[in-house]
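S.K.: Got a predicted structure here, sequence first:
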Amino acid sequence: MVRTLEMAKKGHGNNQIHQVKRSSKTSRTTPSSLDSTASNKVLLRKAVIRPVAAALHCSVKELEMLSRRLPHGLQRAMAKHPMQAYGVLRREFLAFRKGTRTRYSSEHNGNGFIAEETSGFSERKFKLIDLFSGAGGFTQGFVETGRFESVFANDFNAYAAKTYNANYGDHCVHGDINDLLSNQTMRFQKADIVIGGPPCQGFSLLNKQRAIDPRKELWQAFMDVVERVAPTVFVMENVPELLSSLEFLKIRECAESLGYMTVSGVLNAADFGVPQRRKRAMIIASLNGFPRMPEPTHCDPQKRQGLFRQGLLPWETVGRAVCDLEEPCGIDIMVGQVPPPMDLHFGRTPTKESLARYRCIPEGGNRFDLQKKRPDITPACWIRKKNGGTDLFGRLWWDRPAFTIRTEFFKPEKGRYLHPRQNRPITHREAARLQSFPDNFKFLGTKIEVARQIGNAVPPLLAKKVAEAVIEHLASTQSKASLEAV
């Protein structure tokens, strides 16, 4: 550079001087771009690699080595999006640990980086049976991993069975499972895993007659199928109260008698990326050693600061789940007539009094706000009820997860189901999204039946996290078996 400038000063022409100036300008950008690359690496190390290493109990050097396997474009994008970048490194480390590889795109879609995992062990799909399947939310989560295929399902509700068959093939049998078990000609398909949620009303605190509810015994039918099929793994889902019941002890005893090792716990769907606070009990059992419960990926940002330093993202919110939806159209279900998401995004015809009540409820408010502002239109039974029922006629928060979506979410008087920013209850489409169903999932039946299917379902994204834990368990047991064979 110095020699060139000296030559220019000695009179080698204006054109050369102009070229020197351009060359000088170009040369000055090179160190800055290098500085930028270096600063990206420093930012990635401080903001992402160190906290993720602490969360995963591994070394910083090990994660840096793994990060260098990623495309350069993705590394630059990660430096710009440290809150989401943790997921890439966390996934890469876990994939490395279980012998799989992940292909990433540098595209950032607002939620994270698009990833596709390829496995180091057998790519065959595991065969799945879903009992008490409902619409198929549990199956959906397993199928979304790409490693499971449904071969048989059963549900007592005809509409739910039709919905299941519309999404997974014509093998969901409608009817009472006890009738199937008593049928001498019935032969269940062989499967690697049996999943299901025996009706939870028998254990639910909302059921005042739960002590004598016969549905509490349907777990026996579930275990009868497990005994006949002998899957490697089974997963049973229910309300949290199951784990403190006598029935749970019986389930565990029955599983152990069949050779299964069980783990159990209560999972909050919001901790796994579902925009809904919904607690469910999970029992995971395996013939090949103790399985593991899935590890949370999200956490309440109001309770734990610096979440992503612990390898966690903040809870997903109602706003993020529904912000792209237009105003509801019409009052009829339009499945098969208009494309999703509008096929389930319809409204109601509230009375003037109902609209007046809606307007009294602020974001996060409830029936007590109505009573303060307009006691003249507040139901007398609510006025008499001084305590409890804080979710009745409640409005959702835009920047928080929803509360549990039940089967009558379209009735604000049944819970916290008012849209956070519009004076109406949430629609079927919004409820389905808050349950983490994809828009292309086909629901069949009347408005009430579809609402029942949505509210009774296991959130697919929660189910997917359980499925991933099962896959990791199956992979680890297969790897162990391979080593022992050697």
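M.R.: Arrived safely. Note that the structure is a prediction, hence the values are computed from the model and not measured. Residues are numbered from 1 along each chain as shown.
S.K.: what about residue 362, how many residues close to it?
M.R.: Neighbour count for residue 362, taken as other CB atoms under 10 Å: 11. Every C-beta, even on glycine, is put in place using the N, C-alpha and C of the backbone.
S.K.: make that residue 372, sorry
M.R.: Neighbour count for residue 372, taken as other CB under 10 Å: 11.
S.K.: three-state assignment of it?
M.R.: Following DSSP: H, G, I helix; E, B strand; the rest coil, the label given to residue 372 is helix.
S.K.: Also residue 461?
M.R.: State at residue 461, reduced to three classes by three-state DSSP: helix.
S.K.: Check residue 355 too.
M.R.: Using three-state DSSP, the structure places residue 355 in helix.
S.K.: how near is it to residue 190?
M.R.: 56 Å (CB to CB, to the nearest Å).
S.K.: go on, residue 180?
M.R.: Separation of residue 180 from residue 190 (CB to CB): 16 Å.
S.K.: between these two, who's got more neighbours?
M.R.: Between residue 180 and residue 190, counting by other CB under 10 Å, residue 180 is the more crowded of the two (16 against 13).
S.K.: Was I right to think that one contacts residue 156?
M.R.: No: using CB atoms under 8 Å, residue 180 is not in contact with residue 156, being 10.7 Å away.
S.K.: Check whether residue 145 really touches residue 464, as I assumed.
M.R.: Yes: in terms of CB under 8 Å, residue 145 counts as a neighbour of residue 464; the distance is 6.1 Å.
S.K.: Looks to me like residue 285 is in a strand.
M.R.: Yes: applying three-state DSSP, one finds residue 285 inside a strand.
S.K.: neighbours around the closest residue to it other than its chain neighbours, how many?
M.R.: Spatial nearest neighbour of residue 285, chain neighbours left out: residue 260 (3.9 Å); criterion: CB to CB, 6 or more residues apart in numbering. By other CB under 10 Å, 24 other residues sit near residue 260.
S.K.: can you check residue 466 too?
M.R.: Residue 466 has 25 neighbours, counted by other CB under 10 Å.
S.K.: Which residues are in contact with it?
M.R.: By CB atoms under 8 Å, 6 or more residues apart in numbering, the contact list for residue 466 reads 141, 142, 235, 267, 282, 284, 294.
S.K.: Now with 6 Å, please.
M.R.: Taking CB atoms under 6 Å, 6 or more residues apart in numbering, we find residue 466 in contact with residue 294.
S.K.: re the thing from before, more neighbours: residue 145 and residue 464, which one.
M.R.: Each of residue 145 and residue 464 has its neighbours counted (other CB under 10 Å); residue 464 has more, 22 against 18.
S.K.: give me phi/psi at that one?
M.R.: When read as degrees, to the nearest 10, the backbone of residue 464 gives phi -60, psi -40.
S.K.: My understanding was that it contacts residue 144; is that so?
M.R.: Yes: in this structure, residue 464 is within contact of residue 144 by CB atoms under 6 Å, at 5.0 Å.
S.K.: and the residue nearest to residue 131 when sequence neighbours are not counted, what are its bridge partners?
M.R.: Closest residue in space to residue 131, ignoring its immediate chain neighbours: residue 196 at 3.4 Å, by CB to CB, 6+ apart. Counting by DSSP bridges, residue 196 is bridged to residue 131, residue 236.
S.K.: quick one: low-confidence parts of the protein?
M.R.: The model of the chain has pLDDT under 70 over residues 1-48, 55-58, 62, 66-122, 200-216, 304-309, 478-486.
S.K.: Repeat the analysis, applying 80 as the threshold.
M.R.: Along the chain, segments meeting pLDDT under 80 span 1-123, 200-216, 303-311, 388, 477-486.
S.K.: now the strands: where do they sit in it?
M.R.: Under the criterion DSSP state E, the chain carries strands at the ranges 101-108, 113-118, 126-131, 148-155, 172-174, 193-196, 233-238, 261-268, 279-286, 298-299, 313-314, 394-395, 416-418.
S.K.: okay, the ones you listed in CSV with distance to residue 225 and mean neighbour count next?
M.R.: Below are those laid out as CSV (distance: least, CB to CB, whole Å; neighbours: other CB atoms under 10 Å):
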stretch, distance to residue 225, mean neighbour count
strand 101-108, 35, 14
strand 113-118, 30, 15
strand 126-131, 6, 25
strand 148-155, 9, 23
strand 172-174, 12, 19
strand 193-196, 6, 27
strand 233-238, 9, 25
strand 261-268, 16, 16
strand 279-286, 13, 22
strand 298-299, 33, 20
strand 313-314, 37, 18
strand 394-395, 39, 23
strand 416-418, 35, 24
